[in-house]
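A.B. asks: Coordinates for the following, if possible.
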Amino acid sequence: MANTESLQPDELPGNVYNTTIKDIAGLKDYRQIFNIVNVHFAQPDSTESRITDDNEFDIRTIKTRSKVNWAIQKTVLHFINADHEALASSVFQEHIPDQDRKFAFFWHLCLNNRLFREITTRVFVKTYFSGRAQISQEDIIAFVKDISDKNDPSKPSWSEDTLYRVATKYLSLMTKFDFVTSGRTKTFNHIRPSSEALTLFLYFARLYQPAVANILKSRLLPTCFITAEDIQSRLKKLSIQGFFHMSFNGVELNVELTHSYKEVCDVLYR
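C.D. replies: Numbers count the residues shown, from 1 in each chain. Down below sits the predicted model:
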């Protein structure tokens, strides 16, 4: 396995732009993906047959099942290193509360899919904290258009239809996460991870940038939906419970993880 610690986040293996999020968001219930993740760790060679032959997601056409299988193999059953794999093998188990598995899945997608991560940090969360009550597909289309450029071979070249479907499917997934309301107009709900989920976030953030101990410098910080001004007080309460160590000198909020990626869920949910 490649040493990922010397790479910049956007250079991580498999971290080129792709639009698999539209296939994943098209599933009726994203929580069914957790079953496939668990199957992967129990019987790694059987996930494709579970999706395409056994029709795990109740998809009508074989063509669409194959597309969903491709998307899941590329974006969900992908791990940047052994620690990421160890965390994923425990965090999607049935005894973990759905609300926390939802946030873990959200951060897992942020880690694995560059397009999902950039839409989330540069559009969705930015709009959430801007004071606006709503977000539209036009907000996302404008951003994805900026990424896609048919005249620049270094950028992806997506059709207008793909741009539209990425935007609508992204917001559809945010609706299924209950981050925004359903219906044509997407109004933000109040988004707040639990104490346990916030602890898991620290592990995902460290996976993304292993050398960054100062959580205020983490590029994933916006995805926990807590402002830099509030994160210190929330983490202080959790550190007292022994979930991790932290220190704050007024500028740097350094976090030291005290449990392994393999055992952290056992500690949080025992």
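A.B. asks: Chain neighbours aside, what residue packs nearest to residue 187?
C.D. replies: Leaving aside its sequence neighbours, residue 187 sits nearest to residue 181 (C-beta to C-beta, 6 or more residues apart in numbering; 4.5 Å). For glycine as for every other residue, the C-beta is placed from the backbone atoms N, C-alpha and C.
A.B. asks: ok, now residue 214?
C.D. replies: Nearest residue to residue 214 in three dimensions, chain neighbours excluded: residue 252, at 4.4 Å (C-beta to C-beta, 6+ apart).
A.B. asks: Contact partners for that neighbour?
C.D. replies: Applying C-beta atoms under 8 Å, 6 or more residues apart in numbering to residue 252 gives the contacts 214, 216-217.
A.B. asks: Now do the closest residue to residue 100 other than its chain neighbours, the pLDDT please.
C.D. replies: Nearest residue to residue 100 in three dimensions, chain neighbours excluded: residue 197, at 4.4 Å (C-beta to C-beta, 6+ apart). In this model, residue 197 is scored at 97, pLDDT.
A.B. asks: What about residue 197, how many residues nearby?
C.D. replies: Around residue 197 there are 22 other residues, counting by other C-beta atoms under 10 Å.
A.B. asks: Pretty sure it sits in a strand.
C.D. replies: No - with DSSP: H, G, I helix; E, B strand; the rest coil as the criterion, residue 197 is helix rather than part of a strand.
A.B. asks: if we can go back for a sec, please indicate which of the contacts of residue 252 are buried?
C.D. replies: For the contacts of residue 252, a burial check counting by 16 or more other C-beta atoms under 10 Å picks out residue 214.
A.B. asks: Output the contacts of residue 252 as TSV; include the columns secondary structure and distance to residue 133.
C.D. replies: Conversion of those to TSV gives the following (DSSP: H, G, I helix; E, B strand; the rest coil; distance: C-beta to C-beta, whole Å):
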residue	secondary structure	distance to residue 133
214	strand	32
216	helix	27
217	helix	30
